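A.B. asks: One predicted model, sequence on top.
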Amino acid sequence: MSEAPLILWFRRDLRLADQPMLAAAAATGRPLLPMFILDPETEALGAAPKWRLGLAVEAFGRALEGLGARLVLRRGPALEVLRGLVADVGAGGVWWSRLYDPASVARDTGVKAALKGAGLEARSFAGHLLHEPWEIETGQGGFYRVFTPYWKAMRGLPVAEPAAAPKALRGVAVRPGSDRLEDWRLGAAMNRGAGVVARYQAVGEAAARAKLAAFLDGPVASYGERRDLPGEAGTSRLSENLTYGEIGIREVWHAALRRREEGAGGAESFLRELAWREFSYHLMHHSPQITTSNWKPDWDAFPWRGDNPEAERWRRGMTGEPFVDAGMREMYVTGSMHNRVRMVVASYLTKHLLTHWKVGLDWFADCLTDWDPAANAMGWQWVAGSGPDAAPYFRVFNPAGQAEKFDPDGSYRRRFLAEMSRAPGAEALAYFEAVPRSWQLRPDQLYPAPVVDLAEGRARALAAYGARNA
């Protein structure tokens, strides 16, 4: 069996370095067949993440060709596709990097059992996280429900050094058939928005590494103080690349550790933010219902509103609250949104509009190119109050107050709101270029009146939350 090929099933690990599965496979000396499957779980992705995934797959395919390998693309249920490819090349096993969302866990568990039942080697590897979600436990052997004690437990744990990229890969003798990526039309649902959002993507391993280097050479020094200012380039913007595994989290962690040791003042804060990503996966592993239902079951009786006309104005960036609308338009133009603003727009929807967090979660899942199943779910539930937070119900972000504090000169709002300027910039106008024509939005139209008075919205939210806690 030592000469039987190994199939390497890539998913959200589209890189060569800091890639435990690939490093282990290359070390065997066996023929390797890298592949990517467009299965039903992947087909279910929202418009923006599915389109962005296609860009990542394309870039990774080119990187593999540089090592003498070809990425095989096939469409269909994962087990069915893998069985067909095993037969095509006489493979002795299938290896992959683990994923942790409920749909992927169910799929991968079934695939592993079926392949092993057929006498094949089926092996999964770590690589998407610094620590597997089950590795960090409380003193009582349970899982952490609050971030700060989790961070204290995680902070001092060793993290393995990232493996170098292999110099070359040994390919298989038989070249199996492959789909063409363009035939999958992964960006079809983006319509005319793809051309706008594409301007803001940094695709592939080299681009991700350059982005990390630029951040660590500059903004990280003041990250702790400036990361909440959406009008500045003060964050790493690596979430896009970490989502698709275009850069390894261990590489990012160790690079930030080095900068901390060199005296970069904000490096510790950046490491803490990376730990939030770990914490979201820790929660999703131990309570997978966080992606679909209230993390705290006693919130099931809360009178959330379902989708509604006000929520539609929120989606379109037309609430009449400039800080909220700027954030929603930033997401539509760039595929991402500043983290401080994500909290504000989520609070506005769930508290000022008393709309179910699932409405917002689903919209983000359709529009974010850096969509992450664990971080998206935890973030929405944290803000809504139904998630992992010690005393959440009275936390109502005031969009006007947040704007005054974090966008005092209005630069962020002007950047994305054409109605705020007599001569709007290209990015403000790009929103109207990207949105569906059916919305009938124009940059010269009047900016709308607020959907709800902020004081009244806050009072209504506090009354509803207070009644729940009475």
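C.D. replies: That came through, no problem.
A.B. asks: what about the helices in the stretch 51-200 of the chain?
C.D. replies: Ranges of helices within the stretch 51-200 of the chain are 78-89, 102-117, 147-155, 181-184, 193-197, based on DSSP state H, counting those that start in this stretch.
A.B. asks: Could you point out which of the ones you listed sits nearest Trp371?
C.D. replies: For Trp371, the closest of the helices of the stretch 51-200 of the chain is helix 193-197, at 12.7 Å, according to Cβ to Cβ. For every residue, glycine as well, the C-beta is placed using N, CA and C.
A.B. asks: Only the buried residues of that closest one, if you could.
C.D. replies: If you call a residue buried by 16 or more other Cβ atoms under 10 Å, then helix 193-197 has these buried ones: Gly193, Ala194, Val196, Val197.
A.B. asks: Tell me the confidence at the second one?
C.D. replies: It stands for Ala194. Confidence at Ala194, expressed as pLDDT, is 96.
A.B. asks: I'd like to know how far it sits from Gly54.
C.D. replies: 10 Å (Cβ to Cβ, to the nearest Å).
A.B. asks: Kindly report the same for the third one.
C.D. replies: Separation of Val196 from Gly54 (Cβ to Cβ): 16 Å.
A.B. asks: And the first one, by the same measure?
C.D. replies: Relative to Gly54, Gly193 is positioned 14 Å away (criterion: Cβ to Cβ).
A.B. asks: which regions of this structure sit below the pLDDT cut-off?
C.D. replies: 1, 390-394, 468-470 (pLDDT under 70).
A.B. asks: Following the chain onward from the longest strand seen in it, which element is next?
C.D. replies: Longest strand in the chain, counting residues (DSSP state E): strand 32-38. Counting by DSSP states H and E, the element after strand 32-38 in chain order, helix or strand, is helix 40-43.
A.B. asks: Over to Leu6: give its phi and psi.
C.D. replies: Leu6 adopts backbone torsions of phi -110, psi 130, taken as degrees, to the nearest 10.
A.B. asks: ok, it - contacts?
C.D. replies: Leu6 makes contacts with Ala25, Thr28, Arg30, Pro31, Leu32, Leu33, Ala91, Gly92, Gly93, Val94, Trp95, Glu121, as judged by Cβ atoms under 8 Å, 6 or more residues apart in numbering.
A.B. asks: what's the helix or strand encompassing Ala311 in contact with?
C.D. replies: Using DSSP H and E, Ala311 sits within helix 309-315. Residues from elsewhere that reach helix 309-315 (Cβ under 8 Å, 6+ apart): 305, 319, 324, 328, 345, 348-349, 353, 355, 359-360, 363, 448, 451-452.
A.B. asks: Tell me who's in contact with the closest residue in space to Asn308 that isn't next to it in sequence.
C.D. replies: Nearest in space to Asn308, with sequence neighbours left out and distances taken as Cβ to Cβ, 6 or more residues apart in numbering, is Thr355 at 6.3 Å. By Cβ under 8 Å, 6+ apart, the contact list for Thr355 reads Trp304, Arg305, Gly306, Asp307, Asn308, Glu310, Ala311, Trp314, Leu349.
A.B. asks: Please pick the buried ones from the residues you listed.
C.D. replies: Among the contacts of Thr355, the ones that count as buried by 16+ other Cβ under 10 Å are Trp304, Glu310, Ala311, Trp314, Leu349.
A.B. asks: Quick check: the farthest pair among these?
C.D. replies: Within these, Trp304 and Trp314 form the most distant pair, 14.3 Å apart (Cβ to Cβ).
A.B. asks: from the buried ones among the contacts of Thr355, which single one is nearest Gly187?
C.D. replies: Nearest member of the buried ones among the contacts of Thr355 to Gly187, counting by Cβ to Cβ, is Trp314, at 24.9 Å.
A.B. asks: before we move on, which element is Ile247 in?
C.D. replies: Ile247 belongs to no helix or strand when elements are defined using DSSP H and E.
A.B. asks: Just give me the neighbour total for it.
C.D. replies: For Ile247, the neighbour count with other Cβ atoms under 10 Å is 26.
A.B. asks: re the thing from before, is there a quick PyMOL command that grabs whichever of the contacts of helix 309-315 are buried?
C.D. replies: To isolate in PyMOL the members of those that are buried, counting by 16+ other Cβ under 10 Å, one can use:
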select buried, resi 319+324+328+345+348+349+353+355+359+360+363+451+452
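A.B. asks: circling back: anything in contact with each of Ala194 and Gly54?
C.D. replies: With Cβ under 8 Å, 6+ apart as the test, Ala194 and Gly54 both reach Gly187.
A.B. asks: Confirm for me that Glu321 is in contact with Ala400.
C.D. replies: Yes - in this structure, Glu321 is within contact of Ala400 by Cβ atoms under 8 Å, at 7.3 Å.
A.B. asks: what's the closest non-adjacent residue to Ala400?
C.D. replies: Spatial nearest neighbour of Ala400, excluding adjacent residues (Cβ to Cβ, 6+ apart): Leu454 at 6.1 Å.
A.B. asks: what's that neighbour sitting at in phi/psi?
C.D. replies: As for Leu454, its main-chain torsions (degrees, to the nearest 10) stand at phi -60, psi -40.
A.B. asks: Which neighbouring elements make contact with the helix or strand encompassing Glu268?
C.D. replies: Using DSSP H and E, the element containing Glu268 is helix 267-286. Counting contacts by 3 or more Cβ pairs under 8 Å, 6 or more residues apart in numbering; DSSP states H and E, helix 267-286 is packed against helix 147-155, helix 223-226, helix 249-261, helix 373-384.
A.B. asks: Please identify the buried residues of that helix?
C.D. replies: 267-272, 274-285.
A.B. asks: winner for burial among the helices of the stretch 51-200 of the chain?
C.D. replies: Mean neighbour count (mean count of other Cβ atoms under 10 Å) peaks for helix 193-197 among the helices of the stretch 51-200 of the chain, with a mean of 20.
A.B. asks: So what touches that helix?
C.D. replies: 48, 51, 187, 190, 332-335, 369, 430, 433-435.
A.B. asks: tell me the contacts of Val57?
C.D. replies: So Val57 contacts Leu14, Phe36, Leu71, Leu73, Leu181 (Cβ under 8 Å, 6+ apart).
A.B. asks: and which of these is nearest to Ala377?
C.D. replies: Nearest member of those to Ala377, counting by Cβ to Cβ, is Leu14, at 22.6 Å.
A.B. asks: From His352, how far off is the closest one?
C.D. replies: Leu14 is 39 Å from His352, by Cβ to Cβ.
A.B. asks: same deal with Ala118?
C.D. replies: 55 Å.
A.B. asks: Would you confirm that Ala63 contacts Leu22?
C.D. replies: No - contact criterion Cβ under 8 Å: Ala63 and Leu22 do not qualify, at 10.9 Å.
A.B. asks: of those two, who's got more company?
C.D. replies: When Ala63 and Leu22 are compared for neighbours, Leu22 comes out ahead with 27 against 18, by other Cβ under 10 Å.
A.B. asks: Remind me which helix or strand the more buried one belongs to.
C.D. replies: Assigned by DSSP H and E, Leu22 belongs to helix 20-28.
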